[in-house]
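In: 3D model of this:
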Amino acid sequence: MRRVMYVMLAAIAVVALSAAPARADGFVSPWAGVHFGSDVDNGRGAFGVNAGYMGAGVVGGELDFGYSPSFFGTQNDFGNNTVIDFMGNLIVGVPIGGTHGAGFRPFVTGGVGLIRTQIDGGTVATVSQSNNDFGWNLGAGAMGYFNQHVGVRGDVKYLRNFSGDAFDVNHIDLGTFHFWRISAGVVLR
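Out: Predicted structure coming up:
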């Protein structure tokens, strides 16, 4: 009886020690993009970086940072004017071709964070102002990998601020500042 028990414990130890360790699929993606669908000057450029991980290849998290110089218009009209967004997102993607090596991963993403607008004044906007607003974003895209470490990423996201008391349990007031962003960049994992 003891011999059978030792054999079983040895077999369990061999199986446990031979199992492949789970690995997170981390990535960094610098991007360039353009804004559209807002009430202000559309077609302005933006750039930023996404960094995150995909635990078990399907669900993960990412940090999204975007910087949009001259978002509201020219410096003559609005002075130095920018929009900065910093979001913490949940990302869900399906790896087609596996999580390592060449492959394709369509994904959806969404989260909450900061949207900062700043206008320093100009001929149209004569008063300087800046706002730090709690906001949200929702988007979709795809990552395509050429090999184990390098690929491309493209996505489209909708960003919008909350206004008033965003934490009122009876009413969530969606703000009036909103825009769409389409972006593309290199992805490194």
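In: hmm, which helix or strand of this protein has the shakiest average pLDDT?
Out: Every helix and strand in the chain was compared by mean pLDDT, DSSP states H and E; the lowest is helix 2-18, with a mean of 50.
In: I'd like to know which elements the next helix or strand after it is packed against.
Out: Counting by DSSP states H and E, the next helix or strand C-terminal to helix 2-18 is strand 24-36. Using 3 or more CB pairs under 8 Å, 6 or more residues apart in numbering; DSSP states H and E, the elements in contact with strand 24-36 are strand 45-55, strand 59-69, strand 174-188. In this view, the C-beta of every residue, glycine as well, is placed from N, C-alpha and C.
In: Format those strands as a markdown table; extra columns: mean neighbour count and distance to L138.
Out: As requested, these are arranged in a markdown table below (neighbours: other CB atoms under 10 Å; distance: least, CB to CB, whole Å):
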| stretch | mean neighbour count | distance to L138 |
| --- | --- | --- |
| strand 45-55 | 18 | 15 |
| strand 59-69 | 18 | 12 |
| strand 174-188 | 17 | 10 |
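In: buried set for stretch 148-167?
Out: Of all the residues in stretch 148-167, those buried under the rule 16 or more other CB atoms under 10 Å are G151, R153, G154, D155, K157, L159, R160, N161, F162, S163, A166.
In: Okay, now the unreliable bits of the protein?
Out: Along the chain, segments meeting pLDDT under 70 span 1-24, 125-126, 164-174.
In: what comes into contact with stretch 112-128?
Out: The list of residues contacting stretch 112-128 from outside it, by CB atoms under 8 Å, 6 or more residues apart in numbering, reads 64, 71-88, 129-137, 159, 161, 177.
In: What subset of these is buried?
Out: Neighbour-count burial (16+ other CB under 10 Å) is assigned, among the contacts of stretch 112-128, to 64, 71-73, 77-79, 81-85, 87, 133, 135-137, 159, 161, 177.
In: and the residue nearest the centre of the chain, what does it touch?
Out: By CA atoms, centre = their mean, the chain has its centre lying nearest to D64, at 3.9 Å. Residues near D64 by CB under 8 Å, 6+ apart: G48, N50, D85, F86, M87, G88, N89, T109, G111, G113, N137, K157.
In: so which helix or strand takes in the last one?
Out: Element membership for K157, per DSSP H and E: strand 150-162.
In: That strand - contacts with which helices or strands?
Out: Strand 150-162 makes packing contacts with strand 103-119, strand 129-145, strand 174-188 when contacts are defined by 3+ CB pairs under 8 Å, 6+ apart.
In: TSV for those strands, including distance to G26?
Out: Output for those, formatted as TSV (distance: least, CB to CB, whole Å):
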stretch	distance to G26
strand 103-119	13
strand 129-145	12
strand 174-188	9
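In: of all those strands, which lies closest to D41?
Out: If you check each of these against D41 by CB to CB, strand 174-188 wins as the nearest, at 10.5 Å.
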